[in-house]
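Chemist: quick one: sequence and predicted model below, then my questions.
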Amino acid sequence: MKFKRKMLFILTLPILLSATPHKILYSFTSTNVLSKVNGDSNKTLDLFIKPIIPANYTIVSKLYNEAHNTLVFANTFSEYVEKEGTNYSINYPLYMRLNSDGLRFQFEVTLNNKTTVTSGVIYPYIKNTIDAIQYKDSSYISENAFIKVETNKIVTSETFNFDNYNEYLAKEADNSIDFSTVKFNFPHNYDLPYLKAEYRIKDYNNVYPFLRHIKNEAVVELNCITKNKEITFEIKEDLYVKYDTLEMSANKLKGSIKTKKLFIPIGKQDLLEENDSYILISEAGYSAIDIKLPLTYYFDRPIIGLCYESNYCISGGIRE
């Protein structure tokens with residue numbers, strides 16, 4: 001099942017009267033984001049105005065060609081708004097207007113003959129993939145990707161911070177892979193929107209023959225977990241594991257049980273460590289970028305044990 005990104009767009013424009021310069025008289029909010037266009041003919045912005053004091057409000061929404069500073073679209077909302085607030089929508093003809101010149105969104109809100117203006121610029125959607133290793137110990141910032149306004153300021157970019165990026169996959173005591181060790185920062189006040197996230201292994205050694213494959217890669221779907229502005233991962237859907245061999249499957253096999261873990265099949269740890277693996281997040285953030293997170297296995301081995309899984313082992317036969 002594909003995950004649909006839910007767009008969150010918050011637009012707060014406080015108006016200050018000269019008689020009461022510190023009193024916010026209304027909030028101007030929206031339930032969606034205006035983002036880069038990828039084939040849609042229009043984008044609708046659903047707005048909600050909630051005043052502290054009922055009054056006459058006028059909101060003029062404009063689009064300008066950024067390169068030439070020419071007005072290409074305007075919409076005016078003007079009415080008396082009660083304290084309970086009111087909704088209205090603006091249908092933007094973005095597909096016909098948004099090109100490499102860029103579009104500047106401008107909002108002019110008038111109350112008691114006082115007007116405030118806020119604006120921001122976006123450009124057409126361009127598919128982009130970033131590699132976390134390239135930005136390790138730094139950040140990637142997507143510029144002019146969408147329109148979102150917070151605290152009277154239009155925001156048009158997102159930051160993906162890899163200062164604390166940990167590419168090491170650890171092994172748990174039950175021989176399963178611990179995805180929670182892989183993490184990076186997303187320093188925003190909303191959960192990371194994304195289309196899908198996948199763990200991919202270049203399965204040249206046939207470590208996971210019963211998992212879903214794309215070309216020569218075994219694929220396991222993941223969830224992105226946003227907590228305290230940090231992104232971690234967990235298995236999304238149930239898998240099946242054979243309890244005697246720890247072989248994994250996307251479908252039930254004879255002798256298998258359901259699990260939300262990915263186990264390392266018995267005797268195949270060395271083969272797994274020879275294969276490249278990574279996590280791919282598709283259309284991450286309102287910027288809709290793809291993020292590749294290359295991974296490194298960091299599996300502890302017992303000092304003495306079975307020869308295929310320990311540093312030292314005892315082998316031999318029977319002396320006659």
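Modeler: Right, received. Where do you want to start? No experiment lies behind these values; they were computed from the predicted model shown.
Chemist: which stretches of the chain have low pLDDT?
Modeler: For the chain, the stretches flagged by pLDDT under 70 are 1-24, 36-42, 151-152, 299-320.
Chemist: residues of stretch 158-169 that come out buried?
Modeler: Across stretch 158-169, burial judged by 16 or more other C-beta atoms under 10 Å covers 158, 160-162, 165-167, 169. (Glycine included, C-beta is placed from N, CA and C.)
Chemist: per the record, what domains does the chain have?
Modeler: Using automatic domain parsing, the domain ranges for the chain come out as 26-122, 132-139+160-298.
Chemist: would you turn those domains into JSON lines with distance to residue 154?
Modeler: Shown next, in JSON lines, are the domains of the chain (distance: least, C-beta to C-beta, whole Å):
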{"stretch": "domain 26-122", "distance to residue 154": "3"}
{"stretch": "domain 132-139+160-298", "distance to residue 154": "13"}
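Chemist: I'd like to know how far residue 258 sits from residue 164.
Modeler: From residue 258 across to residue 164, the span is 33 Å (C-beta to C-beta, to the nearest Å).
Chemist: scratch that, residue 296 is what I was asking about
Modeler: Separation of residue 296 from residue 164 (C-beta to C-beta): 16 Å.
Chemist: same question for residue 101.
Modeler: 38 Å.
Chemist: and residue 216, how many neighbours?
Modeler: As a burial measure, residue 216 scores 11 neighbours (other C-beta atoms under 10 Å).
Chemist: so it sits against residue 202, correct?
Modeler: Yes: applying C-beta atoms under 8 Å, one finds residue 216 in contact with residue 202, separated by 6.1 Å.
Chemist: would you map the strands across the stretch 201-320 of the chain?
Modeler: For the stretch 201-320 of the chain, the strands defined by DSSP state E, counting those that start in this stretch occupy 212-214, 217-227, 230-235, 239-242, 248-249, 256-259, 277-284, 289-298.
Chemist: okay, the fourth one in PDB with CA atoms only?
Modeler: It refers to strand 239-242. Extracted in PDB, the C-alpha atoms of strand 239-242 (Å, rounded to 0.1, in the frame of the first residue of the first chain):
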ATOM      1  CA  LEU A 239       7.200 -11.100   7.400                       C
ATOM      2  CA  TYR A 240       7.600 -14.800   8.000                       C
ATOM      3  CA  VAL A 241      10.600 -16.600   9.400                       C
ATOM      4  CA  LYS A 242      11.300 -20.400   9.500                       C
END
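Chemist: hmm, back to that, distance to residue 54 added to the strands of the stretch 201-320 of the chain, as a markdown table?
Modeler: Shown next, in a markdown table, are those (distance: least, C-beta to C-beta, whole Å):
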| stretch | distance to residue 54 |
| --- | --- |
| strand 212-214 | 57 |
| strand 217-227 | 38 |
| strand 230-235 | 43 |
| strand 239-242 | 57 |
| strand 248-249 | 62 |
| strand 256-259 | 57 |
| strand 277-284 | 42 |
| strand 289-298 | 43 |
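Chemist: nearest to residue 124, of those?
Modeler: strand 289-298 (14.3 Å; C-beta to C-beta).
Chemist: distance check, residue 72 against residue 96.
Modeler: Using C-beta to C-beta, residue 72 is found at 9 Å from residue 96.
Chemist: neighbour count: the two, which is higher?
Modeler: Higher neighbour count among residue 72 and residue 96: residue 72, with 16 against 12, using other C-beta under 10 Å.
Chemist: show me the contacts for that one.
Modeler: Shown in contact with residue 72 (C-beta atoms under 8 Å, 6 or more residues apart in numbering): 63-65, 97, 103.
Chemist: let's have the residues you listed in CSV, adding neighbour count.
Modeler: Output for the contacts of residue 72, formatted as CSV (neighbours: other C-beta atoms under 10 Å):
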residue, neighbour count
63, 21
64, 21
65, 17
97, 15
103, 25
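Chemist: so which of the residues you listed are in strands?
Modeler: 63-65, 103 (DSSP state E).
Chemist: pull the most distant pair out of those.
Modeler: Farthest pair in the ones in strands among the contacts of residue 72 (C-beta to C-beta) is 63 and 65. Separation: 8.0 Å.
Chemist: so what sits against both of the two?
Modeler: 72, 97, 103-104.
Chemist: note down every partner strand of the host helix or strand of residue 78 and its orientation.
Modeler: Assigned by DSSP states H and E, residue 78 falls within strand 70-81. The partner list of strand 70-81 in its sheet, established with DSSP bridges, is strand 55-65 (antiparallel).
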